[in-house]
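Student: Need a 3D model of the following:
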Amino acid sequence: MTFTKLAVLFSLACAAFAQAPSSATEQQSLKKYTDLLRQDIRTEKHAIVDAAMALEPADKAKFWGIYDGYEKELKALWDARLANIKKYAENYDKMTDSVADQLAATALKNDQQRNAILQKVYGQMKSALGSKNAARFLQVENTLEQLVGLQVNSSLPLIQ
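Tutor: A predicted model of the protein is given here:
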């Protein structure tokens, strides 16, 4: 699967969240759908990252031990990002300065938290695999983040 296909999957998850389901049954269906997308995304992302990192077998175990912890931390940030998109969708037609400020503050906080996690994981990767592999990890993650961000952001209308 290509980076673009991965971005499309994330976009679909965000679009599904943005629809603000009304009934409990719709909310459960949306949660199942989103969980399935996340599972597929994790599988495809794993393959993309593995190919891009091109590590020797001995280094793969070290890398994935660190990366799995990183992914767990990142999941909480994606949950917060999706909740923020849902709040945006719920308030789009009745956006106030206060809500816009809350949305922006949440988005900025999310970015800061992601950068803090990346900085921590970069240090772990550097210690375990060396600076070049740690830098490659950052390149791969930033490329994926930018592609997904572009896809998600281009599917959201600007605040009126």
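
Student: what ranges do the helices span in the protein?
Tutor: 3-18, 24-53, 57-91, 97-129, 131-155 (DSSP state H).

Student: Name the residue closest to the centre of this structure, please.
Tutor: In the chain, the centroid-proximal residue (Cα atoms, centre = their mean) is residue 78; its distance is 4.8 Å.

Student: separation between it and residue 114?
Tutor: 10 Å (Cβ to Cβ, to the nearest Å). Where you see a C-beta, it was placed from the backbone N, CA and C, and this is true even at glycine.

Student: picking that back up, single out the most deeply packed of the helices of the chain.
Tutor: Highest mean neighbour count among the helices of the chain (mean count of other Cβ atoms under 10 Å): helix 3-18, with a mean of 18.

Student: Now that helix: average pLDDT?
Tutor: The average pLDDT within helix 3-18 is 50.

Student: and what of stretch 148-156?
Tutor: 79.

Student: same question, stretch 107-120
Tutor: Here the average pLDDT along stretch 107-120 is 96.

Student: Off-centre distance for it?
Tutor: 12 Å (Cα atoms, centre = their mean, to the nearest Å).

Student: export that stretch as PDB, just CAs?
Tutor: What follows is stretch 107-120 as a C-alpha-only set of coordinates in PDB (Å, rounded to 0.1, in the frame of the first residue of the first chain):
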ATOM      1  CA  ALA A 107      -4.800  21.300  17.800                       C
ATOM      2  CA  LEU A 108      -1.700  23.200  18.900                       C
ATOM      3  CA  LYS A 109      -1.500  21.100  22.100                       C
ATOM      4  CA  ASN A 110      -1.700  17.900  20.000                       C
ATOM      5  CA  ASP A 111       1.100  19.100  17.800                       C
ATOM      6  CA  GLN A 112       3.300  19.900  20.800                       C
ATOM      7  CA  GLN A 113       2.600  16.500  22.400                       C
ATOM      8  CA  ARG A 114       3.400  14.700  19.100                       C
ATOM      9  CA  ASN A 115       6.700  16.600  18.900                       C
ATOM     10  CA  ALA A 116       7.600  15.700  22.500                       C
ATOM     11  CA  ILE A 117       6.900  12.000  21.800                       C
ATOM     12  CA  LEU A 118       9.000  12.100  18.600                       C
ATOM     13  CA  GLN A 119      11.900  13.800  20.500                       C
ATOM     14  CA  LYS A 120      11.800  11.100  23.200                       C
END
